[in-house]
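# Quick one, structure for this:
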Amino acid sequence: MGQHYGPQDKIPFRTSTLIWIYDKDEQLRLVLGPKGHPPPLGRKGTANYVHSAGGVIGHHYLSEKGRAESAKIPHYNSWYTEELNGEVSLEFTVPAGNPEVSWIQNEGRAVIVDRDGHLVEFIIREPRDRNGTEGPEKEVFAEGGDYELIDEWIGGYKADNVTLETALKAVLSGTRVSVGEVDDFGTQSVNIGSTSVKNAVYELIKLFGGERRLRVDADGPNITKRYIDVLKRRGFDNGQTFEHGRNTMSTSRVVDSTGVKTALYGYGASQENDGPRITFADVEWSVANGDPVDKPLGQTWVGDPDALQEWGYDQGRRHRFGEYSGQEEDPGILLFNTWQDLQTKKDAVRTYDFQVVLFQNKKGYEHLRTRLGDTVYGFDREVQPNIEIEASIIIYKQNLNDSNLDEVTLGNFRNSFETASRVRNVEKVVERDRGNWDKKETPEGAQEKAETAAQSALDAAQQEISDANDRIDAALLDLEGAKTDISDAQDLIDAVTSDKDGVTVLDGTLITNEIIAENAILTGTLTANDAIIISLTTESMIAIDADIQNATITGTLSSVDGTFTGELIGASITSGSTIDVATDANIGDNLYLGEYFGSSMKSIFFNNLARINGGVGPIAAGMQLSADYIQLGDDVYFGGSSTSAKIYFDANDGQFYRTVSETGMCGAYGYNPYSSTGKNIGGNAVNFNIEKDYTPSGVSFDVDGSYGATEHYTALNSKGFWFYIQNTDTTNDHKYWRGTYTC
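Presented below is the predicted three-dimensional model:
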């Protein structure tokens, strides 16, 4: 949709971003400019650079062919997405007809400049080739360069009272990633087992807190340094507000209670000799003693009473359980850490998507910068309940083609460090099995295991004896059941008496076998399932799931979900609900909907590809359709084809109307030799394509081109409006405006 600007507005400037492409050997191969703006690649021997906070990255290191071909390969649909302490990704598309595009390959690298001037590196993971209506294209997905660390491994790291910077240097030693800017988070005791380096970084940031930033340094064609920064917070609190209808084009709110837990079981380090993991069953908490919640001895989980009332099942009486998994060796510390983890899971996650107009990209509004991590205020008073939040920007999507299209996502949480699922799966296995890797079995442990195995065998034998006794008891019950069946059969025989004139069945008797009878008269009620009755004469019958053949019904047939497989011949069929006809329905005379003189409007609905035939074909000669009111959803054809169709109206009674908005083209030219502005200098009438059955409330314009003039309208009615332009230029005589209108 077009952006509308008034005469007083300044036209916004747009910034776009280059993408540097490296092959899998990390040699610079291409520099891609955004579509419509090729990179400023100079002639051979002329140095062209991009200066960034991470150094100088040059284009002139490309071969002469590489410089020439890069200018022919634009990127588009390009997005750099960064989540707060979460995933970092790059997506873009290029035309795939140029042979140089083959340098965009798996495990190659891509580098961009972010909004703050930092160089950000990505690993190309999924280049996808496709050929469609737009021609051959290559769609590229790349993830943050720190994913190199998922393939680096450490045997473990344990230290007491260390800073985050010291711990990061230890786990990153031996990799190509360095510790960058790290704020002061105090000291902590660290105990990380065997895991990937990426997961170790994740555990450290989770332990100390902080928010991560990735960046690289470059010198000419080479990436020289890779950094992980950890800051106390990303972004600022500058009081910026986003309000629907003012600077926000759309809003959405998602309240996700999928992961809510009201209580957690806690599991610490594994004990020796393959023993169970440590729990806090022997730790007691009491609110009376200053603890945050009551937790009795023997209980291996801790719950939050407020979360139980808010999110528990069965009206707040049943907990929603989860688990905390760590490597604590002290049960008291394990209980505290489990409680702390529960505080992050006891409420729903509320996410707000605001598609906003970022004024930071307009000249003169650069001070309204918006960045990941900013604290902002969002309002939408049209939805119920109203959205009135103080939230953080948790996702920033940078459009590499047009900075005016940047998008942000607001959330009511931060510092919830997330990693990809494959990292979390590795972490879970490590936590579960770490005791088996770290502990060695002792002779005393082996003896204990043998005694345990013997006791288990004894318990199993006792269980077998118990199971045998249960089977004997069950057999005795089966014998009593057989005796009861025999007694019931005798009762049935006694209930049916017979003599030479017929059979009398006592009231209430259940017969489950077959009865064959000729000329039988039933004076009471016969209830039967799957009964086949031939030549039945009855005054009143209620039949459920009955198969009736060659029946003649002279009175009234009332049926619910009846199925007729042959011919149904009757003078009148009255239905108070729905009649389903699977094949053809032949109606000799008229078809009436609703009551004959009813005033409510009834309908006939057609599924896809349905049509009305009038004789020989879908639009046959001689077909007549008469109605006071006809509403059609899609195309209507008259005559033999769409080109020969004609519509006639009697006298002046007929008219087409349109009930929705329309868009069309308009424009005007004017001549004004005067030096003053604001004069009407040209105009014309704009007729709607189809007259509306109402008077529109207004007209908006989307400019395609203009020179010294602004657009206006007047005399708006159901048939159209007068369009005119006013002079805004004081030096030139000829002015014009052209574009589209929406009404």
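
# Tell me who's in contact with Phe92.
Residues near Phe92 by Cβ atoms under 8 Å, 6 or more residues apart in numbering: Ile19, Leu32, His75, Tyr76, Asn77, Ser78, Trp79, Glu139, Val140, Leu400. To be clear about C-beta, it is placed using only N, CA and C from the backbone, and glycine gets the same treatment.

# how about it, phi and psi?
The phi/psi pair for Phe92 (degrees, to the nearest 10) reads phi -160, psi 170.

# For it, give the beta-bridge partners.
Val140 (DSSP bridges).

# and which of the contacts of Phe92 is nearest to Ile394?
Trp79 (16.2 Å; Cβ to Cβ).

# which element is Tyr713 on?
Taking DSSP states H and E as the definition, Tyr713 sits inside strand 709-714.

# That strand packs against which elements?
For strand 709-714, the packing partners by 3 or more Cβ pairs under 8 Å, 6 or more residues apart in numbering; DSSP states H and E come out as strand 680-687, strand 720-727, strand 734-742.

# I'd like to check the angle between the longest one and strand 680-687, please.
Between strand 734-742 and strand 680-687, the angle formed by their directions is 30 degrees, by axes from the mean of the first three to the mean of the last three Cα atoms, to 10 degrees.

# Could you break the protein into its assigned domains?
Following automatic domain parsing, one gets these domains for the chain: 11-233, 241-257+349-413, 263-343, 630-743.

# of all these, which lies closest to Ile587?
Short answer: domain 630-743, nearest of those by Cβ to Cβ, at 20.1 Å.

# one step back: could you dump the helices and strands packed on strand 709-714 into JSON lines and include mean pLDDT?
JSON lines is the format used below for these (pLDDT from 0 to 100):
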{"stretch": "strand 680-687", "mean pLDDT": "89"}
{"stretch": "strand 720-727", "mean pLDDT": "90"}
{"stretch": "strand 734-742", "mean pLDDT": "90"}
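
# show me where this structure has helices.
In the chain, the segments counted as helices under DSSP state H are 64-70, 164-172, 197-208, 305-311, 313-316, 331-343, 421-438, 443-495.

# Going by mean pLDDT, which of the ones you listed comes out lowest?
For these, the weakest mean pLDDT is recorded on helix 421-438, namely a mean of 47.

# Report pLDDT for the nearest residue to Asn386 once chain neighbours are set aside.
Residue nearest to Asn386 in three dimensions, not counting chain neighbours: Asp380, with 6.8 Å by Cβ to Cβ, 6 or more residues apart in numbering. You'll see Asp380 listed with a pLDDT of 84.

# do Pro40 as well
Confidence at Pro40, expressed as pLDDT, is 57.

# Asp580 now?
pLDDT, Asp580: 70.

# Check Gly411 too.
78.

# Hmm, it is touching Phe354, no?
No - Gly411 is beyond contact range of Phe354, at 10.8 Å (criterion: Cβ atoms under 8 Å).

# between those two, which one's more packed in?
Between Gly411 and Phe354, Phe354 has the larger neighbour count (other Cβ atoms under 10 Å), namely 26 against 20.

# What's opposite the more buried one in the beta bridge?
Thr251, Val408.

# Would you mind putting the helices and strands packed on strand 709-714 into CSV with distance to Asp693 alongside?
Output for the helices and strands packed on strand 709-714, formatted as CSV (distance: least, Cβ to Cβ, whole Å):
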stretch, distance to Asp693
strand 680-687, 16
strand 720-727, 14
strand 734-742, 18
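
# Would you mind finding the most buried of those strands?
Comparing the helices and strands packed on strand 709-714 by mean neighbour count (mean count of other Cβ atoms under 10 Å), strand 720-727 comes out on top with a mean of 21.

# Other residues contacting that strand?
Contacts for strand 720-727 (Cβ under 8 Å, 6+ apart): 666, 668, 670, 672, 674, 676-688, 699, 708-715, 735-737, 741, 743.

# Could you measure from Asn586 over to Asp580?
Distance from Asn586 to Asp580, counting by Cβ to Cβ, to the nearest Å: 16 Å.
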